[in-house]
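Enquirer: Predicted coordinates and the sequence they were generated for:
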Amino acid sequence: MVHKLSMVASIGRPLEFDPEAALEAAMQVFWAKGYEQTSMQELLTAMDLSKSSLYQAFGSKQGLFRRCLARYADQLTAHLREGLAAAPSGWAFIESFLYSILQDVEGAAQPRGCLVMNTASELAQSEPPIAEDVAASIARFRRTLRTAVERAQREGDVDPRRDAATLAAFLVSSMSGLKVQAKAGADADTLRGIIEVALKALR
């Protein structure tokens, strides 16, 4: 069942909206443009809300952004966990995780990078609450990737003597760097070469 919030618009009429759909719309705008470059009017248009309804539901632009960042982290973590559960091996999952970044340059849309990592570059030094959100999100990604590395070690595809936590951090770093490269205009062949080097480093 879709839960809806009922708000009172500035002209006094009740306004109902789906908060999940509104958050998704806002997240897409922030992801494409970044926090600072996203105007309130762009958010209001994308979410199809009045300013009063946005503030009543989400508190502020920063409050809305933090909700969007959490939503992105939830979605990515769930996607990783589902992919790992369905993968025939831990190593197959790691390969697919890295090679999936090629979709950023092979798709029709302009590469947007990773919202969490983009936010780390844009705001982590100036907004401590957001920096904490970013750190928590990255920790979640690392935990899931560590599970994949440990599985690959049990299955004999990664040296079990290597530190799984460090390899998971390396995977997060590799993902971030590859997405930045894609956003900066690197082609698929360049990214594929980097991925091959990263995979060799994991062995």
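Expert: Received the coordinates, thanks.

Enquirer: Would you quantify the distance from the nearest residue to Trp31 once chain neighbours are set aside to Ser39?
Expert: Once flanking residues are discounted, Trp31 sits nearest to Leu115: 4.7 Å by Cβ to Cβ, 6 or more residues apart in numbering. Bear in mind the C-beta positions are built from the backbone N, C-alpha and C, glycine included. Per Cβ to Cβ, to the nearest Å, Leu115 is found 18 Å from Ser39.

Enquirer: higher neighbour count, those two?
Expert: The neighbour comparison of Leu115 against Ser39 (other Cβ atoms under 10 Å) goes to Leu115, with 25 against 12.

Enquirer: What residues does that one make contact with?
Expert: Taking Cβ atoms under 8 Å, 6 or more residues apart in numbering, we find Leu115 in contact with Met27, Phe30, Trp31, Cys68, Leu69, Tyr72.

Enquirer: Might one say that the first one is in contact with Tyr72?
Expert: Yes. Met27 sits in contact with Tyr72 when judged by Cβ atoms under 8 Å, with a separation of 5.9 Å.

Enquirer: How are the helices of this protein distributed by residue range?
Expert: Assigned by DSSP state H, the helices in the chain fall at 19-33, 40-47, 51-58, 61-86, 90-99, 103-106, 115-123, 128-154, 164-183, 188-202.

Enquirer: quick one: which of those helices has the weakest pLDDT on average?
Expert: Least confident of those, judged by mean pLDDT, is helix 103-106 with a mean of 86.

Enquirer: And it, what does it pack against?
Expert: helix 164-183, helix 188-202 (3 or more Cβ pairs under 8 Å, 6 or more residues apart in numbering; DSSP states H and E).

Enquirer: which of those helices sits most buried?
Expert: Comparing the helices and strands packed on helix 103-106 by mean neighbour count (mean count of other Cβ atoms under 10 Å), helix 164-183 comes out on top with a mean of 19.

Enquirer: Quick one: residues in contact with that helix.
Expert: If you take Cβ under 8 Å, 6+ apart as the criterion, helix 164-183 is touched by 94, 97-98, 101, 104-105, 111-114, 117, 138, 141-143, 145-146, 148-150, 153, 158, 190-191, 194-195, 198, 201-202.

Enquirer: What subset of the residues you listed is buried?
Expert: 94, 97-98, 101, 104-105, 111-114, 117, 138, 141-142, 145-146, 148-150, 153, 158, 191, 194-195, 198, 202 (16 or more other Cβ atoms under 10 Å).

Enquirer: what residues does stretch 84-91 touch?
Expert: 93, 96, 144, 147-155, 157-158.
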